[in-house]
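J.: With the input below, show me the fold.
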Amino acid sequence: MGMWFWIAAAAMVAGSLLGPFLVLRSAGRGTPSASRAQALAVYRDQLDEVARDAARGTIGAAEADALRGEIGRRMLEADRAGRGAEAAVQPGAVGGGPVFAAALAGLAALVAVGAYLELGRPDLSDQPLDARQAAAQAWLDARPAQADAEAAARAGGLWPAPAEPDPEFVRLAGEVRAAVAGRPDDIEGHRMLAWTEARLGEFTAARRAQERVVELGGAAAATGDLEVLAGIMIEGAAGAVSPEAEAVLLRVLERDGANGPALFHLGRLYDMAGRPDRAFALWDRLLRQAPAGDPWADAARQGMGALAWRAGQHRYEVPAAAPAPGPDAGDIAAAEAMSPEERAEMIRSMVAGLAERLATEGGPAADWARLIQAYGVLGEAEAARAIHAEALERFAGSAGDLALIAEAAAAAGIAP
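T.: Down below sits the predicted model:
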């Protein structure tokens, strides 16, 4: 296979260089000599004509001598000009001729071969697009089911180690389990149970509780509940996206086309499967639509350059991160000139704007943590507790986000 590849490649390179070689070679092949000979032949005919006119008596001897002298002068000039043009395009001279053409063709061939050896893979067989896509689909179809992935992750010690639980929390978790067992249709109870089990590191139990939440929600199940379920499933599978988790993520995208976790995890899945084209489309959408400070966009931005190259988007420029929301230099200057009452009112207005945005559009855990801390600074403990409770429910499937929320609650003085 390798020998035939190089034979075919050499033939294509030679064929592509043949035309330019012939054009350059012809540039130094006798064209000036032909022009010089034609000019000299014309002047010789003129000399013969002068001789015939003198013999017939049409012109006098003095006039004939003057004409011969002028024609001879022109012949000398034509001869010198022709020899100079020939020297300029002699074979092997810089600027033309077959030697120059051959050197240029050889250089082009060396550059092409060197570039292929650096960037290409001559050791690989043909990789038709249909075959690559079929292989990617086969990889996706061969993934283990969610339950099998969880069992393997747990047996391999791949489940994230939970923080040492407080004995009181363990006691409350037992009470939640008992209460939910007696109320199988209590959606809020199952939400609380899913969060409790995830916090204890029991991801299979957490998944089952959250699946019940989605089941009770039916076709109108909340997008947030689906997002939490997908997060629990991925964490329980040690980061892998099972077929069941993929289906949940696709449902999330149907509801919210800019959902950060869904775009990130699906993009990562398709890239691993060998479909960087699909992964690129998802991550590009994430980077262009995510709010400032979105952790999923930040994670995608770190690997987007390499992904774009694998997807064939060699001129793609990774979108820069949007500036984080907050006061600019003008706001700070204005605040310094305010009275304490005016400054407090401005802060309350900014906090109210952040609260409204999170209530209507949602946002990353960092923004929820900021709001909790802001209410703590303002002394509005009840508002901080309400946001804290909502954040715990929203980010129940992410241990990292929950840790961020817990730190904010401690800073606000409302930690349980």
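J.: From start to finish, how long is stretch 248-263 in a straight line?
T.: Chord length of stretch 248-263, first to last residue, is 12 Å (Cα to Cα, to the nearest Å).
J.: err, stretch 229-245, not the other one
T.: 8 Å.
J.: How about residues contacting it?
T.: Residues outside stretch 229-245 that contact it (Cβ atoms under 8 Å, 6 or more residues apart in numbering): 140, 143-146, 149-150, 153, 156, 158-160, 194, 198, 203-204, 206-207, 210-211, 213-214, 248-249, 252, 261-262, 265-266, 268-269, 396-399. Every residue, glycine included, has its C-beta placed from N, CA and C.
J.: Name the residues of it that are buried.
T.: Residues of stretch 229-245 classed as buried: 229-238, 240-242, 244-245 (neighbour count, 16 or more other Cβ atoms under 10 Å).
J.: now, the most widely separated pair of the residues you listed?
T.: Largest separation among the buried residues of stretch 229-245 by Cβ to Cβ: Leu229 and Ala238, giving 16.8 Å.
J.: and the gap between Ala205 and Ala179?
T.: 15 Å (Cβ to Cβ, to the nearest Å).
J.: The two: which is more packed in?
T.: Ala205 (18 against 13; other Cβ atoms under 10 Å).
J.: out of everything not next to it in sequence, what's closest to the more buried one?
T.: Glu197 (4.2 Å; Cβ to Cβ, 6 or more residues apart in numbering).
J.: and if you look at Met233?
T.: Ala245 (4.1 Å).
J.: now Arg44
T.: Leaving aside its chain neighbours, Arg44 sits nearest to Met75 (7.9 Å; criterion: Cβ to Cβ, 6+ apart).
J.: which SSE is that neighbour in?
T.: helix 61-88 (DSSP states H and E).
J.: And for Ile372?
T.: Ile372 belongs to helix 365-378, assigned by DSSP H and E.
J.: Give me the contacts around that helix.
T.: Helix 365-378 has contacts (Cβ under 8 Å, 6+ apart) with 293, 295, 347-348, 351, 354-355, 357-358, 381, 383-384, 387-388, 390-391, 394-395, 398, 400-401, 404-405, 407-409, 411-414.
J.: Now the buried members of those.
T.: Taking 16+ other Cβ under 10 Å as the criterion, what is buried in the contacts of helix 365-378 is 293, 295, 351, 354-355, 358, 383-384, 387-388, 390-391, 394-395, 398, 401, 404-405, 408-409, 412, 414.
J.: low-scoring stretches of the stretch 301-416 of the chain, by residue?
T.: 323-337, 343-344, 397, 399-400, 415-416 (pLDDT under 70).
J.: Would you list the phi and psi of Ala155?
T.: phi -70, psi -30 (degrees, to the nearest 10).
J.: how close does it sit to Gly379?
T.: Separation of Ala155 from Gly379 (Cβ to Cβ) stands at 49 Å.
J.: quick one, helices of the stretch 301-416 of the chain?
T.: 329-336, 340-361, 365-378, 381-394, 399-412 (DSSP state H, counting those that start in this stretch).
J.: give me the number of residues near Ala173?
T.: Ala173 has 19 nearby residues by other Cβ under 10 Å.
J.: again with Pro160
T.: Neighbours around Pro160, by other Cβ under 10 Å: 15.
J.: Does it touch Glu202 like I think?
T.: No. Pro160 is not in contact with Glu202 according to Cβ atoms under 8 Å; the separation is 11.5 Å.
J.: quick one on the thing from earlier: which members of the buried residues of stretch 229-245 occur in helices, if any?
T.: Judged by DSSP state H, helices contain the following of these: Leu229, Ala230, Gly231, Ile232, Met233, Ile234, Glu235, Gly236, Glu244, Ala245.
J.: Dump these to a markdown table, plus pLDDT and distance to Leu307.
T.: Converted to a markdown table, these look like this (pLDDT from 0 to 100; distance: Cβ to Cβ, whole Å):
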| residue | pLDDT | distance to Leu307 |
| --- | --- | --- |
| Leu229 | 95 | 26 |
| Ala230 | 95 | 21 |
| Gly231 | 94 | 22 |
| Ile232 | 94 | 26 |
| Met233 | 96 | 23 |
| Ile234 | 95 | 19 |
| Glu235 | 93 | 23 |
| Gly236 | 94 | 26 |
| Glu244 | 98 | 25 |
| Ala245 | 97 | 21 |
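J.: Considering the residues you listed, which is situated nearest to Gly305?
T.: Closest to Gly305, out of all of those and judged by Cβ to Cβ, is Ile234, at 24.1 Å.
J.: Could you check how far the closest one is from Ser398?
T.: According to Cβ to Cβ, Ile234 and Ser398 sit 9 Å apart.
J.: Can you check the pLDDT for Arg278?
T.: With respect to pLDDT, Arg278 has a value of 96.
J.: Check the secondary structure at it for me.
T.: Assigned with DSSP: H, G, I helix; E, B strand; the rest coil, Arg278 falls in the helix class.
J.: domain assignment for this protein?
T.: As assigned by automatic domain parsing, the chain contains the domains 2-119, 138-310, 329-412.
J.: Quick check: which of those is buried the most?
T.: domain 138-310 (a mean of 18; mean count of other Cβ atoms under 10 Å).
J.: so who does the most centrally placed residue in the chain touch?
T.: In the chain, the centroid-proximal residue (Cα atoms, centre = their mean) is Ala308; its distance is 3.3 Å. Ala308 makes contact with Phe280, His314, Tyr316, Val318, according to Cβ under 8 Å, 6+ apart.
J.: And the residue lying closest to the first one once chain neighbours are set aside, how far from Glu197?
T.: It stands for Phe280. Counting by Cβ to Cβ, 6+ apart, Ala311 is the residue found nearest to Phe280 once chain neighbours are left out, at 3.8 Å. Between Ala311 and Glu197 the computed distance is 38 Å (Cβ to Cβ).
J.: Isn't Leu140 up against Ala273?
T.: Yes. Taking contacts as Cβ under 8 Å, Leu140 lies within contact range of Ala273: 5.1 Å.
J.: Val228: what's it in contact with?
T.: Ala194, Gln210, Val213, Glu393, Arg394, Phe395, Ala396, Gly397.
J.: wait, the fifth one sits on Gly224?
T.: Yes. Using Cβ under 8 Å as the test, Arg394 is close enough to Gly224 to be in contact (5.8 Å).
J.: Quickly list what's touching both of the two.
T.: In contact with both Arg394 and Gly224: Gly362, using Cβ under 8 Å, 6+ apart.
J.: Mean confidence (pLDDT) on the helix holding Met75, please.
T.: Mean predicted confidence for helix 61-88 is 69.
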